[in-house]
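Engineer: please work out how this folds:
(chains A and B)
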Amino acid sequence: MAGAADTAPKRGRFAPYGLLSPGIIWLILFFLVPVAILLRAALSSQPERFVPDDLRFKWKWSNFSNALDRFGPQFQDAMRNALIAAVVVAVIIAAVVVLRRGLWHNTRARRLLVGALVAGFFGAYIITSTVDGWGDHFQRSFLYAGIATLLCIAIGYPLAYVIAFRGGAYKNLLLGLVVVPFFTTYLIRTIAWKTILFDNGPVVDFLQTIGVLGDSGRLLATPGAVIGGLTYNFLPFMVLPIYVSLEKIDVNLVDAARDLYSSPARAFRKVVLPLSLPGVFAGTLLTFIPASGDFINAEFLGSPTTSMIGNVVQNQFLVQLDYPTAAALSFVLMAIITVAVLVYARVLGTEDLTG
Amino acid sequence: MADETVIGIEHVTKRFGGFVAVEAADFAIQRGEFFSMLGPSGCGKTTTLRMIAGFEQPTSGRITLEGKDVSRVPPYKRNVNTVFQHYALFPHMNVFDNVSFGPRSRKVARGEISKRVTELLEIVRLADFANRKPGQLSGGQQQRVALARALVNYPSALLLDEPLGALDLKLRQAMQLELKRIQREVGITFVYVTHDQEEALTMSDRIAVMNDGHVEQIGTPEEIYHAPVSVFVAGFIGVANLLPVTVDSVHGSSATVTLPGETHSPAIVSGPSIAAGQPATLMLRPERVRLSAEEPSGSGARLTTKIMQLTFQGPVVRTDLRAADGTEIVAHIGPEDHLPAARPGDDIWLTWDDDAARVLPLADIKVGGEAYEIQEMGQVHFARSDA
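Structural biologist: Coordinates of the predicted model:
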């Protein structure tokens, strides 16, 4: 008996690591190792005649600046304006919140607001004037991915809401329908959209007939087609997490809000929406991150003027065989996404929403 | 307490498809009273409460609040508040924000809100917990937050849907007294739904006993307990001995009945439609009967029985008896009642005072949709303490 008592806590101590080991090994093999290889490539020099094994590791940091220089020097102004606009909007929202909640009389809140305002403007100015030569492709990637993510929320949230609260006996069927497109490969689905949107197709014809599109107007090869493709392809990744977070909400909470003098709209705003934000957060990550690096939609539904950073990376890797440049661009993309996600998590963090 | 109706339930019927949840409920709840709706699950008590709250609309009939018809008024425009069965506290808000939710919805001034919330948190003794999230509170504390969140709105009536159901026995008993104290302190009408007869007896000013969509009886706990109008009420509240009898004669509210074994007993007519010559049911509470080793003198009611079992239960000795016709009877004999020296198997006389016996109409009973045909009379106790 003493032996059993001795081994039990030992097993308990190591069991978590044992259970984690497949995940840890998976991460090391398929994330850390490739990242290391990528980083090595990003800091290597390009050989005369390309052989992947010939990459010479030289701490070549200039690969990063060269890559950014080559893909669009004109983005600086646009980026600066966008950042300043974002800061201004954030400060206005903060000001409205402070004023509406009557926190203006709270000295600490007032100082914080003014501090944020000043720091925000200076911060935006410094960031935008020091970061030089961002690529057009980066701009497009984040713009398209951002719009697609917003569209996914706009379409996916009501869809998830209806399935979760009004689905009744059809809940599983409706969820199945959301997932059904995955039964076909990503590539085929995107090419199918090309068939739907092609220049003499019924959709273009119809839109030309009712005058939405001009006689020479087209859908294919436009930013709209690329954004539409991204939205379509990533919609289930938005719907499912939102559905899960809505499904968890106790309907009695809505009854309680209505019982406490809240109109249905206020009950939604104060109870359902905040409790479903973790789902929106997860859905946004699952949509925005892969959409930013996506190249399939821009490849098939876009044109050279709508190509995204994913297309550049793909082209540099597989066509130009310029591994250092491709690797450097990948790292920049990863860095920007990491920073964006961290900022986003601070703003819409999930810690405050539960427990 | 002036007789002033706060909530009027006027011929209210509620159907869900073909299912009748509540049928022809008709009663009034007075200002300041602690009113309970008691019955087994599926009896319609929660549906009635939800109609008062506004979550359901009556199929026919009307509900009035402070004299105004609110049958079609949505919940957020009714001045009643609910304490939900599982509290339904907002998990993303702290205690203060939960409690201030109602006043903020109604755009009460900020200073007034914090004054009221602080006052209510004092009343429920949670003043130090304003910044906690519901997940950081115990069940009893969550319960009191739910109470404060409803009471902070000074509603015309507070509706409570089995609020103590999720608590363990000890806490439940403490909260019963706590609820009663709070109700006295704030003076607001409480409408309390429960399936626990002990809870209803402990707290209520009046009780409506419901079964199968019908209100069986409304009265004070004493009336309901001592003078039930139906076999169902007699069996649902406390323990009741039910004996098959034939009515000899009826004079106003007193009757004479023939017991099994051809002895006669005077009895008080408790329910409707008791007529001479008809079979009926006689109810005796276990604590209202006495045992005697010799045949009692005088002309009072009596029954010969055999002792089946004696069980010491602390305050009383539970005595299981069987009458000549096989009817099982339970007697609770207290220390002052002088239990004769008797053992299982001995014959013994059962007697009772004239006013201890109630004659009730014979009835088939449906509990929770299941038919309980009362074929064999005896000790009946429908209430399941765990349900």
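Engineer: so which helix or strand of the chain has the lowest pLDDT on average?
Structural biologist: The chain I'm using is chain A. In chain A, the helix or strand scored least confidently by mean pLDDT, DSSP states H and E is helix A:107-130, which has a mean of 57.
Engineer: try again with chain B
Structural biologist: Per-SSE averages on chain B (mean pLDDT, DSSP H and E): minimum strand B:370-372, a mean of 43.
Engineer: nearest to chain A: which residue in the stretch 151-300 of chain B?
Structural biologist: Nearest to chain A in the stretch 151-300 of chain B, going by CB to the nearest CB, is residue B:153, at a distance of 7.1 Å. In short, each C-beta sits where N, CA and C put it, glycine included.
Engineer: wait, a strand at that residue?
Structural biologist: No. The assignment for residue B:153, made by DSSP: H, G, I helix; E, B strand; the rest coil, is coil rather than a strand.
Engineer: what's the burial count for the residue lying closest to it once chain neighbours are set aside?
Structural biologist: Computed as CB to CB, 6 or more residues apart in numbering or on different chains, the closest residue to residue B:153 that is not its neighbour in sequence is residue B:102, at 4.3 Å. Residue B:102 has 27 neighbours, counted by other CB atoms under 10 Å in any protein chain shown.
Engineer: tell me if I'm right that residue B:102 and residue A:261 touch.
Structural biologist: Yes. Taking contacts as CB atoms under 8 Å, residue B:102 lies within contact range of residue A:261: 5.6 Å.
Engineer: hey, what's in contact with both of the two?
Structural biologist: Each of residue B:153 lies in contact with both residue B:102 and residue A:261 under the rule CB atoms under 8 Å, 6 or more residues apart in numbering or on different chains.
Engineer: list phi and psi for the residue nearest the centre of chain A.
Structural biologist: For chain A, the residue nearest the mean C-alpha position is residue A:288 (1.4 Å; CA atoms, centre = their mean). The phi/psi pair for residue A:288 (degrees, to the nearest 10) reads phi -70, psi -40.
Engineer: tell me the pLDDT of the closest residue in space to it that isn't next to it in sequence.
Structural biologist: Of all residues not flanking residue A:288 in the chain, residue A:149 sits nearest, at 4.5 Å (CB to CB, 6+ apart). Predicted confidence (pLDDT) for residue A:149: 92.
Engineer: could I get the contacting residues of residue A:149?
Structural biologist: Residue A:149 is in contact with A:234, A:238, A:284, A:287-288, A:291, counting by CB under 8 Å, 6+ apart.
Engineer: ok, back up a step: what about the residue nearest to residue B:153, distance to residue B:163?
Structural biologist: According to CB to CB, to the nearest Å, residue B:102 and residue B:163 sit 17 Å apart.
Engineer: ranges for the helices of the stretch 51-200 of chain B?
Structural biologist: Assigned by DSSP state H, counting those that start in this stretch, the stretch 51-200 of chain B shows helices spanning B:95-99, B:101-105, B:110-123, B:139-151, B:169-186, B:197-203.
Engineer: could you dump those helices to TSV with mean pLDDT?
Structural biologist: As requested, these are exported to TSV (pLDDT from 0 to 100):
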stretch	mean pLDDT
helix B:95-99	95
helix B:101-105	95
helix B:110-123	93
helix B:139-151	93
helix B:169-186	88
helix B:197-203	91
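Engineer: out of the ones you listed, flag the one nearest residue A:271.
Structural biologist: helix B:101-105 (8.9 Å; CB to CB).
Engineer: so residue B:176 touches residue B:202, yeah?
Structural biologist: Yes. Taking contacts as CB under 8 Å, residue B:176 lies within contact range of residue B:202: 5.2 Å.
Engineer: grab the nearest non-local neighbour of residue B:358.
Structural biologist: Nearest residue to residue B:358, sequence neighbours excluded (CB to CB, 6+ apart): residue B:270, at 4.1 Å.
Engineer: got the contact list for the one you found?
Structural biologist: Per CB under 8 Å, 6+ apart, neighbours of residue B:270: B:227-229, B:283, B:358-360.
Engineer: reformat these as CSV; add neighbour count and pLDDT.
Structural biologist: Shown next, in CSV, are these (neighbours: other CB atoms under 10 Å in any protein chain shown; pLDDT from 0 to 100):
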residue, neighbour count, pLDDT
B:227, 21, 91
B:228, 26, 91
B:229, 21, 90
B:283, 27, 90
B:358, 23, 91
B:359, 25, 91
B:360, 26, 89
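Engineer: name the SS class of the closest residue to residue B:311 other than its chain neighbours, please.
Structural biologist: Leaving aside its sequence neighbours, residue B:311 sits nearest to residue B:318 (CB to CB, 6+ apart; 4.3 Å). Secondary structure state of residue B:318, per three-state DSSP, is strand.
Engineer: what residues are up against residue B:318?
Structural biologist: When contacts are taken as CB under 8 Å, 6+ apart, residue B:318 is in contact with B:286, B:310-312, B:330-332.
Engineer: okay, and which of the residues you listed map to strands?
Structural biologist: Among the contacts of residue B:318, the members found in strands (DSSP state E) are B:310-312, B:330-332.
Engineer: the residue nearest to residue A:288 in helix, strand or coil?
Structural biologist: helix.
Engineer: now residue B:12: which helix or strand?
Structural biologist: strand B:5-16 (DSSP states H and E).
Engineer: can you tell me the closest non-neighbouring residue to residue 341?
Structural biologist: Just going to use chain A. residue A:285 (6.4 Å).
Engineer: that answer is for a different chain, and I need it for chain B
Structural biologist: Setting aside the residues directly before and after it, residue B:341 is nearest to residue B:293 in space (CB to CB, 6+ apart), at 7.6 Å.
Engineer: and for residue B:90?
Structural biologist: Leaving out its chain neighbours, the residue that sits closest to residue B:90 by CB to CB, 6+ apart is residue B:98, at 5.4 Å.
Engineer: relative to residue B:92, how far out is that neighbour?
Structural biologist: Residue B:98 is 10 Å from residue B:92, by CB to CB.
Engineer: the two: who's more crowded?
Structural biologist: Neighbours were counted for residue B:98 and for residue B:92 using other CB under 10 Å; residue B:98 has more, 28 against 21.
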